[in-house]
Every structure is written in C-alpha cells, then in structure tokens.
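**Student:** Turn this into a model:
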Amino acid sequence: MKPPYDITSNILKLISSISEKIGEINANYLNKPSTTLRKQNKIKTIHSSLKIEGNTLTEEQITALLENKRVIGPQKDIKEVLNAIEIYKNLEKFNPYNEKSFLKAHSTLMNNLVENVGKYRKQGVGIVKGSKVEHLAPPHKNVPYLMKDLFQYLKKSEEIALIKSCVFHYEMEFIHPFLDGNGRMGRLWQTLILMEKYPVFEYIPFETLISKDQEKYYRALSESDKSGKSTKFIEYMLNVINTSISDLLKYNNRILNEKDRLDYFVSLNKIDFARKDYMDIFKDISSATASRDLKKGVEMNLFEKIGEKNKTKYRLKLGTTPHIANY
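**Tutor:** Numbering: from 1, shown residues only. Predicted coordinates for the structure are as follows:
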C-alpha cells in the first residue's frame, strides 16, 4: 500500500532544481570527488548525524578515530562514532531495498550500545518533549508488518528515488521500529536509497544542515504526523538536499584543483592525447592552466611527453590508474 503524501508544486520545483544541479555535478566531474573531499564529507556526515542524537565528539576527534588514533571522551560517544565509521566505510555492502540488510545495518550501528540490536522493538514507545507526548508510535505487534509494507513500497513503487527516500525516512520515523537508533537509521537509509540512483549522494552530507537547525527537522516530522501525510517532511528534506547540493557546487573551483583534474583524467584511461583533449574534458580551464596540469602530470610520472610545441603529445603510462588514487 502506498504511504499517504501529495505532490505539491513546491515539491515539483525542488525536484527540478535538484535534478538540474545533479546534471551540473556530473558535467563538472564532482560525481568523482577527490579522496580528501570524500573523507571530509564522511566525517561531516558522521559528526552531524550523531550530534543530532546528542553525541559530543568534535570533527577533529572523529578524524582521529577514523585514523585509528586514541581519543579521550565519553565511551558511549566514542563507540557511536566507531560504529558509524564501520557503516559508512562499507556503504556498498547494504542493499536499500532489503529488509534484512536494514536490520544488519542497525546491528552494526548500535552494536554494544543497546540490547537486541538488529531486532524490532517488543514494547510500546512514545516520544516525549517536556511534559507532552509528541508522538505515540504504533503498537510493537504491528511493527514487522508495517516495515514489510514500507519495503514493498520501496521495491515496487515507480515513484522517483528523491521522493521515495523522503517517504521512507518519514514513515520509518513514524513507525519507530527500534527502541533506539531510529533517527540515525532514517538518515542513513535515505542516503542509501539516493545513492542507488545518484552515487554522488555518498559525498553530500545533508545531515549537516539538519543538525544546524534541528527544530525544523522535528517540526517537519510533527506537521506530517498531524496531517497524516508525509508531504511536509518531503518538502523539508528536498529543500535540505537542494541546499546541500548547492553548497557542493559553490566550492566547485576549490574542489576541482590540479590534483583532482589529473586524478579524474587518468581514470578515463586515454592512452594518447594532446592538450586539446585535456581541455575538452575540463572546458572551464585556460590553456595555460592545462599546460601546467600536464607538466605536473609528467613530473609525477603519470604520463610521458612526446614532441615539442604545437606537435606535443602525451602518453599515459601503464599501471598509472591504481597509483593515482594514492598521491
């Protein structure tokens, strides 16, 4: 059964804007960001998603844990980060359309933090804010059936991934299938659903915007609860995604530096090429910048230079591709 929601004009505008920006990302090769950017965004995602749940560790401390360094802090917070690192290091191992994969992810994310990890709750739960019950989750006996229906919607609906990911996120929070870890699982699973269609979402830490104004996040959930539809939450999340992609594009020039261009060009595996071929790939750079890039590539032993001046050609050195990711 399809979960209830409406497609508003605002939703259509946001989808159009996001689709246009994803096209721009692909055109500018930001869908293959540098190793440094991937690491930075992974840290931002982990920091922001756990901060929403009250984790106190800083980005610097998370970086240290990612590099297997010792960190001083609350043991629970450290364990939450280590579990999240394990998840985000192995995102490709999880299938967003598979319920068993979903339970396995919860087991990893909440390992040694709560009892009965990877299992649906066996008791009733409510979310209390102050002295008021903000949300009373469905009875625990209904959870397995509700989650099965939700995964059926994911698998069988012809709705676009942008909408499905938001619907799943909201409905999962409404069902509240676990005693703990529901928020971080909702955000993780939305990322996985989006990645299936748009791999670049692995590197877009939209959790950062949520953590900066958590009240809007909870308000969107609450408004959807009251209306009985996920429409308000879909609008909220699409706006967050749209802004997050805009932020990535704003840093386009900083991201696409000499190192990133060479990294991407070598991955294309063009054996013989000229400066013009290089500039055909990176249309926004000057001929002087292209010459500097290629000179650097020769110095780094990525390819060799053949000929002089107008007759200059370049030849990719065999075995370069595996090496490039590490320089």
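
**Student:** so which strand or helix has residue 296?
**Tutor:** Residue 296 is part of helix 287-299, with elements assigned from DSSP states H and E.

**Student:** Sorry, slip of the keys, the one I care about is residue 14.
**Tutor:** Assigned by DSSP H and E, residue 14 falls within helix 9-27.

**Student:** and for that helix, what are the contacting residues?
**Tutor:** Contacts to helix 9-27, defined as Cβ atoms under 8 Å, 6 or more residues apart in numbering, come from residues 31, 160, 162-163, 198, 200, 231, 234-235, 238-239, 241-242, 245-246, 248-249. Placement of C-beta: from N, CA and C, glycine included.

**Student:** one more time with 10 Å
**Tutor:** Residues outside helix 9-27 that contact it (Cβ atoms under 10 Å, 6 or more residues apart in numbering): 5, 7-8, 30-33, 160, 162-163, 166, 194, 197-201, 203-204, 231, 234-235, 237-246, 248-249, 252, 283.

**Student:** follow-up on the earlier one: what is the helix holding residue 296 packed up against?
**Tutor:** Judged by 3 or more Cβ pairs under 10 Å, 6 or more residues apart in numbering; DSSP states H and E, the packing partners of helix 287-299 are helix 258-267, helix 275-281, strand 303-306, strand 313-316.

**Student:** Single out the most deeply packed of those.
**Tutor:** Comparing the helices and strands packed on helix 287-299 by mean neighbour count (mean count of other Cβ atoms under 10 Å), helix 258-267 comes out on top with a mean of 19.

**Student:** which is the next helix or strand following that helix?
**Tutor:** Sequence order places strand 272-273 as the next helix or strand after helix 258-267, per DSSP H and E.

**Student:** circling back: how far off helix 258-267 does whichever helix or strand comes after the helix holding residue 14 point, in degrees?
**Tutor:** Counting by DSSP H and E, the next helix or strand C-terminal to helix 9-27 is helix 35-52. Relative orientation of helix 35-52 and helix 258-267, computed by axes from the mean of the first three to the mean of the last three Cα atoms, to 10 degrees: 110 degrees.

**Student:** rank the helices and strands packed on helix 287-299 by pLDDT, which is bottom?
**Tutor:** Confidence, taken as mean pLDDT, is least for helix 258-267 of the helices and strands packed on helix 287-299 (a mean of 79).

**Student:** quick one: buried residues of stretch 218-227?
**Tutor:** Within stretch 218-227, the residues that qualify as buried are 218, 220-225, counting by 16 or more other Cβ atoms under 10 Å.

**Student:** For the helix or strand harbouring residue 240, name the packing helices and strands.
**Tutor:** Take DSSP H and E as the rule and residue 240 turns out to sit in helix 231-250. Counting contacts by 3+ Cβ pairs under 10 Å, 6+ apart, helix 231-250 is packed against helix 9-27, helix 161-175, helix 182-197, helix 207-212, helix 214-227.

**Student:** rerun that using 6 Å as the cut-off
**Tutor:** Applying 3 or more Cβ pairs under 6 Å, 6 or more residues apart in numbering; DSSP states H and E, one finds that helix 231-250 contacts helix 9-27, helix 161-175, helix 207-212, helix 214-227.

**Student:** Name the stretch among those helices that sits most buried.
**Tutor:** Mean neighbour count (mean count of other Cβ under 10 Å) peaks for helix 161-175 among those, with a mean of 23.

**Student:** about what we covered before: tell me what angle the helix holding residue 240 forms with helix 9-27.
**Tutor:** Interaxial angle of helix 231-250 relative to helix 9-27 (the same axes, to 10 degrees): 30 degrees.

**Student:** residues in contact with the nearest residue to residue 55 once chain neighbours are set aside?
**Tutor:** Computed as Cβ to Cβ, 6 or more residues apart in numbering, the closest residue to residue 55 that is not its neighbour in sequence is residue 77, at 4.9 Å. Residue 77 makes contact with 55-57 under the criterion Cβ atoms under 6 Å, 6 or more residues apart in numbering.

**Student:** make it 10 Å
**Tutor:** Counting by Cβ under 10 Å, 6+ apart, residue 77 touches 50, 53-57, 61-62, 71.
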